[in-house]
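>>> I need the structure of the sequence given here:
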Amino acid sequence: MSNEIKTELSEEQDYANKLGAQVVPLNRSKEVILGLWSAGLLPILHGGSGIGKTALAPQLAKHLGADYQVHDCSLLQPEDYAVGYPEDGFLKMLKAHWVQKIIANDAKGIPTVVLFDEITRYTPGSASALFGILGSRKLYDWEFPKSCYIYAACNPQTKGFQVGDILSDEAWRRRGCHLVVKAEVSSWLKYAKANNFHEYVINYVESHRTELIDFPAKNAGKIYANPAQWEKVSSFLLANEGNLDTTVLSTLLNVDRAKHFIKFTQNVEWHITAEQILLGKWSESLKTLNKIKQERVDLFSSIIDNVINFIEEETPNPDTCANNIAQLSTMLSPENLVILYNALEGGNSCSLDNSYQEKLMGEIQKHKDWETKILPVVDKALGRNLS
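Take a look at the predicted model:
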């Protein structure tokens, strides 16, 4: 795993620690949101741009059989909530169209899921309306019906995000139930397959799991790949019969990532996923891996990242995958072997459960080459003298 990815994940955890919140995969957040809603509470999601916080709205709506709305608080003006007008000596309130739609849905027995996105970027003058909705489910003196399910989202206040510091305000913090969410490759791939994303996108992400989000490009201030952008890439490919247009794809992924995506898609002989390596027949994986070792040895770094990510997220049965991991280890350069070894030992990973990690290593160590061929290479590379 690259240092930039590690740094990004570390900053994400530091932000969660500062807030006193837990980091959970985005897919897991759905059940947390539903649980909070059952108690009449307001979930507030914190997470990077483009990871899928907004895409949760239709998924939650589908689960509830509901309509859904997404409102960008950075664009909503005070009049986009409601407008006051005098009538018979009193000030009446004309509710916005989206509010009227919630009322109409309620009358028909249809629930409504409402996301208030970018709450840390609310426009001046709209705070009173937003505070009331998030704090008491009221738009001035009108209360949202119980059939309306509200959640909010914002970007974390970390490097690269300039947002209003509203969370230092106790009143804001207590208005919601805060959860820091992260993208998880396995969950995103299930979502992509369930929604019939283009095969080029699915194949690329399956073979480049740690590049679902292009952290180096993101941190360099470039256009960068992320779950939302990959969905747009899929939409373009589906609408244009898989046309690998560099210019169009570069507008979504940046030039370098677009070229890499196109080159990978056009060279199928190099395609191999972590799932194939770990859970497939080793004899079949070996054919592709031998070809890579002979002609494209540089691809092994990405392969190792994929394998580590797959193990962390999927925790495959040790009895099933241990032999293949050991077989893979015999093919690696000392540098890549150390990266894989450290991850398996828990040195590079904060997400492997201890009991799972111990069982996995126990099964790997049963392989006949572990003690005689693999460990000596690791020891030498790490400068360990076990004599």
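>>> for residue 150, phi and psi?
With angles defined as degrees, to the nearest 10, residue 150 sits at phi -110, psi 130.
>>> beta-bridge partners for it, please?
residue 114 (DSSP bridges).
>>> please look at residue 27 and residue 187 and confirm they touch.
Yes. Counting by C-beta atoms under 8 Å, residue 187 is a contact partner of residue 27 at 3.5 Å. Yep, even glycine has a C-beta here, placed from its N, CA and C like the rest.
>>> if I look at residue 241, how far off is residue 229?
20 Å (C-beta to C-beta, to the nearest Å).
>>> quick one: which of those two has more around it?
residue 229 (21 against 6; other C-beta atoms under 10 Å).
>>> my read: the more buried one touches residue 253, true?
Yes. At 6.3 Å, residue 229 counts as touching residue 253 under the criterion of C-beta under 8 Å.
>>> per-residue confidence for residue 177?
What the model reports as pLDDT for residue 177 is 92.
>>> so who does the residue lying closest to residue 326 once chain neighbours are set aside touch?
Spatial nearest neighbour of residue 326, excluding adjacent residues (C-beta to C-beta, 6 or more residues apart in numbering): residue 367 at 3.5 Å. Residues in contact with residue 367 (C-beta atoms under 8 Å, 6 or more residues apart in numbering) are 322, 323, 326, 327, 374.
>>> can you give me the neighbour number for the closest residue to residue 16 other than its chain neighbours?
Counting by C-beta to C-beta, 6+ apart, residue 180 is the residue found nearest to residue 16 once chain neighbours are left out, at 4.1 Å. Here the count is done by other C-beta under 10 Å, and residue 180 has 21 residues near it.
>>> does residue 180 sit in a helix, a strand or a coil?
strand (DSSP: H, G, I helix; E, B strand; the rest coil).
>>> same question, the one 10 residues further on
The three-state label for residue 190, taken from three-state DSSP, comes out as helix.
>>> cool, and residue 75?
Going by three-state DSSP: residue 75 is coil.
>>> which other helices and strands contact the helix or strand harbouring residue 360?
Assigning secondary structure by DSSP states H and E places residue 360 in helix 354-364. Contacts defined by 3 or more C-beta pairs under 8 Å, 6 or more residues apart in numbering; DSSP states H and E place helix 354-364 against helix 318-329, helix 334-344.
>>> recalculate using a threshold of 10 Å.
helix 300-314, helix 318-329, helix 334-344 (3 or more C-beta pairs under 10 Å, 6 or more residues apart in numbering; DSSP states H and E).
>>> the second one: which residues count as buried?
Looking back up the chat, that one is helix 318-329. The neighbour-count check on helix 318-329 (16 or more other C-beta atoms under 10 Å) flags 318, 321, 322, 323, 324, 325, 326, 327, 328, 329 as buried.
>>> give the contact list for the second one.
So that's residue 321. The neighbours of residue 321, taking C-beta atoms under 10 Å, 6 or more residues apart in numbering as the test, are 274-275, 277-280, 307, 310-311, 314-315, 328, 360, 363-364.
>>> how does it look with 7 Å?
Residue 321 sits next to 278, 279 when contact means C-beta atoms under 7 Å, 6 or more residues apart in numbering.
>>> give me the three-state assignment for the residue nearest to residue 326.
Assignment for residue 367 (three-state DSSP): coil.
>>> phi, psi of it?
Per degrees, to the nearest 10, the backbone of residue 367 is at phi -70, psi 140.
>>> just the pLDDT at it, thanks.
Confidence score, pLDDT, at residue 367: 92.
>>> for my notes, confirm residue 68 occurs in a helix.
No. Residue 68 sits outside any helix when classified using three-state DSSP, being strand.
>>> that one reaches residue 110, doesn't it?
No. The criterion here is C-beta atoms under 7 Å, and residue 68 misses it with residue 110 at 10.7 Å.
>>> tell me where this protein is predicted with low confidence.
Scanning the chain for pLDDT under 70 picks out 1-10, 84-91, 157-168, 347-351, 385-387.
>>> can you give me the domain assignment for it?
3-182, 184-266, 271-387 (automatic domain parsing).
>>> mind checking what secondary structure the closest residue to residue 314 other than its chain neighbours has?
Of all residues not flanking residue 314 in the chain, residue 186 sits nearest, at 5.7 Å (C-beta to C-beta, 6+ apart). State at residue 186, reduced to three classes by three-state DSSP: helix.
>>> can you count the residues close to residue 186?
So residue 186, with other C-beta under 10 Å, has 17 neighbours.
>>> so it is in contact with residue 311, correct?
No. Between residue 186 and residue 311 there is no contact under C-beta under 7 Å: 11.0 Å.
>>> mind listing what's buried in stretch 336-355?
336, 337, 338, 339, 340, 341, 343, 344, 348, 349, 352.
>>> residues in contact with that stretch?
1, 300-301, 304, 307-308, 312, 329, 332, 357, 360-361, 364, 377-378, 381-382.
>>> can you select the buried ones from these in PyMOL?
Entered in PyMOL, the line below selects the buried ones among these, by 16+ other C-beta under 10 Å:
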select buried, resi 1+300+304+307+308+312+329+332+357+360+361+364+377+378
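>>> re earlier: Serialize the buried residues of helix 318-329 to a markdown table and add fields for distance to residue 93.
Supplementary listing: the buried residues of helix 318-329 in a markdown table, determined by distance: C-beta to C-beta, whole Å:
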| residue | distance to residue 93 |
| --- | --- |
| 318 | 62 |
| 321 | 61 |
| 322 | 65 |
| 323 | 68 |
| 324 | 65 |
| 325 | 64 |
| 326 | 69 |
| 327 | 69 |
| 328 | 65 |
| 329 | 68 |
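>>> just give me the closest of those to residue 193.
residue 321 (21.3 Å; C-beta to C-beta).
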